[in-house]
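Novice: What follows is a predicted structure for the sequence shown.
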Amino acid sequence: MSFGVLAQRPGSNVPRQEKLLNGLKLLMWSDPAATDVKVSIRIHSGSAFDPQGKEGVTQLLADNIFPTAESRSFFMEDLGGSVEVITNYDYIQINASAKSKEFVTLLETLAQAVSNPTIDKETTSALKKVLMEKLVALEKDPVYVAGQAATRRLFGDFPYGRPQMGSVESLQRIDSADLQFARERFFSADNATVAISGNFNGDLGFRAARRYLGAWLKSDKRIPSTFRQPDDPDTKPLEIVLEGADGRTTFALRGVARIDPDYAASLVLEDILKARLQKTPAHAVVSHQARTLPGVLVISVPGSAAFPFNSLSERISQNEFAAARSQTLARVSGRTLFDQWLDADTYRTTVAGDARAFQTVTIADVQHVADRLAKNPIVSVAVRPPAAAQ
């Protein structure tokens, strides 16, 4: 039995929506002209829920979904498709594809992976070793080190201040029991959405979803959706000496959350800041990351330059706004329908509402968010090579 929400109209960007009795939401776009089928499964919890001191649990849990080269190559060699797993602070997402004739096998394979994964000591140990090797390399990368130090200073012990993939030290504290506990807590049908598109019959897709995903257990506990807000950041400049660093200063300040009414304006502002700072000799790197809870604006510049306050405080011109808005609209419209609809579930928004926000954003909206962010405390982290620090 299901609770149908909306049937797909031919050629419509709006999917057929169903909800199984276990709380699993199903989105389906049937396209007879396609040559393959794509399936995305999103778990609406990410690394923000890692236990303090055991950062990296969620990353390892995601890696455990298809832990070996053989399990991943099955999608290419047997199903004629591909598979990837994306992990961040807000969610885990599996993206997989297969030839149309392999649709049922694809769905059965993914259902088994998320509803009944194998977690054991040997696999966990192997995954930890691979992730540790990656982190050892990253922890020698000046850009990564500066970014981690800046967000740590900005958010402290708040989840976004802790490394999403963990650290070499935190991984050593994690065992298979931690992964099993996280799986039981977050990998539940009512904490997930499944999206399917391509050349498949919608009724068959629904029956297959009920058969293979209908027995996926729902959670018996409510997952908290909020955390205590972070304390005010330490704004005293921090210097890190790192072998191989080319000398760079990273600034960070709290941005807007994904559900914030200023979200659309913040992305336009990001493109304005990029344009402004790329005209300077500093060639700064600008990034605004909006998440479930407070976002973060990061500006990284070579050398020991001071924070480019003018780039944030200068009044926005109509020409700047028009150019940036066009860039933002192109960037946003390039996102897949899957991600738009899955984001709506993760961040409790609507696809239509998001689209409307970007279409109606004004220069006054962007100036408002610029003025708002300019009032936030700024942290700075300088990464220097040993010679420059002496």
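Specialist: The structure has been received and is ready for your questions.
Novice: who's in contact with stretch 306-326?
Specialist: 251, 268-269, 271-273, 275-277, 280, 282, 284, 299, 301, 361, 363, 366-367, 370, 373-374, 378, 380 (Cβ atoms under 8 Å, 6 or more residues apart in numbering). In this view, the C-beta of every residue, glycine as well, is placed from N, C-alpha and C.
Novice: what's the answer for stretch 376-389, then?
Specialist: 142, 145-146, 149-150, 153-154, 232-235, 237-254, 304, 307.
Novice: Mind doing that once more with 7 Å?
Specialist: Stretch 376-389 is contacted from outside by 142, 145-146, 149-150, 153-154, 232-235, 237-245, 247-254, 304, 307, using Cβ atoms under 7 Å, 6 or more residues apart in numbering.
Novice: where along this structure do the strands fall?
Specialist: Remark: strands assigned in the chain by DSSP state E are 16-19, 25-30, 36-43, 82-87, 92-99, 192-198, 238-241, 248-254, 285-289, 296-302, 379-384.
Novice: Any chance of CSV for the ones you listed, columns mean neighbour count, mean pLDDT and distance to L110?
Specialist: Formatted as CSV, the strands of the chain follow (neighbours: other Cβ atoms under 10 Å; pLDDT from 0 to 100; distance: least, Cβ to Cβ, whole Å):
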stretch, mean neighbour count, mean pLDDT, distance to L110
strand 16-19, 20, 96, 17
strand 25-30, 22, 96, 13
strand 36-43, 24, 97, 6
strand 82-87, 17, 97, 8
strand 92-99, 22, 98, 6
strand 192-198, 25, 97, 8
strand 238-241, 15, 92, 42
strand 248-254, 23, 91, 37
strand 285-289, 18, 90, 28
strand 296-302, 21, 88, 32
strand 379-384, 23, 92, 40
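Novice: Let me have the ones you listed in CSV, adding distance to A352 as columns.
Specialist: Shown next, in CSV, are these (distance: least, Cβ to Cβ, whole Å):
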stretch, distance to A352
strand 16-19, 14
strand 25-30, 15
strand 36-43, 19
strand 82-87, 25
strand 92-99, 22
strand 192-198, 17
strand 238-241, 43
strand 248-254, 28
strand 285-289, 23
strand 296-302, 27
strand 379-384, 37
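Novice: before we move on, the earlier item: of the contacts of stretch 306-326, which count as buried by neighbour count?
Specialist: Neighbour counting with 16 or more other Cβ atoms under 10 Å marks 251, 268-269, 271-273, 276-277, 282, 284, 299, 301, 361, 363, 366-367, 370, 373, 378, 380 as buried within those.
Novice: Quick check, pLDDT for the nearest residue to L277 once chain neighbours are set aside.
Specialist: Once flanking residues are discounted, L277 sits nearest to A284: 3.8 Å by Cβ to Cβ, 6 or more residues apart in numbering. A284 carries a pLDDT value of 77.
Novice: thinking A284 is in contact with P302, fair?
Specialist: No. The pair A284 / P302 is not scored as a contact, 8.2 Å apart, by Cβ atoms under 7 Å.
Novice: quick one: contacts for the residue lying closest to A150 once chain neighbours are set aside?
Specialist: Take A150 and drop its neighbours on the chain: the residue closest to it by Cβ to Cβ, 6+ apart is A252, 4.0 Å away. By Cβ under 7 Å, 6+ apart, A252 lies in contact with A150, T151, L154, V296, L297, V298, V379.
Novice: Could you pull up the contacting residues of the fifth one?
Specialist: It stands for L297. A252, L253, G255, H288, L373.
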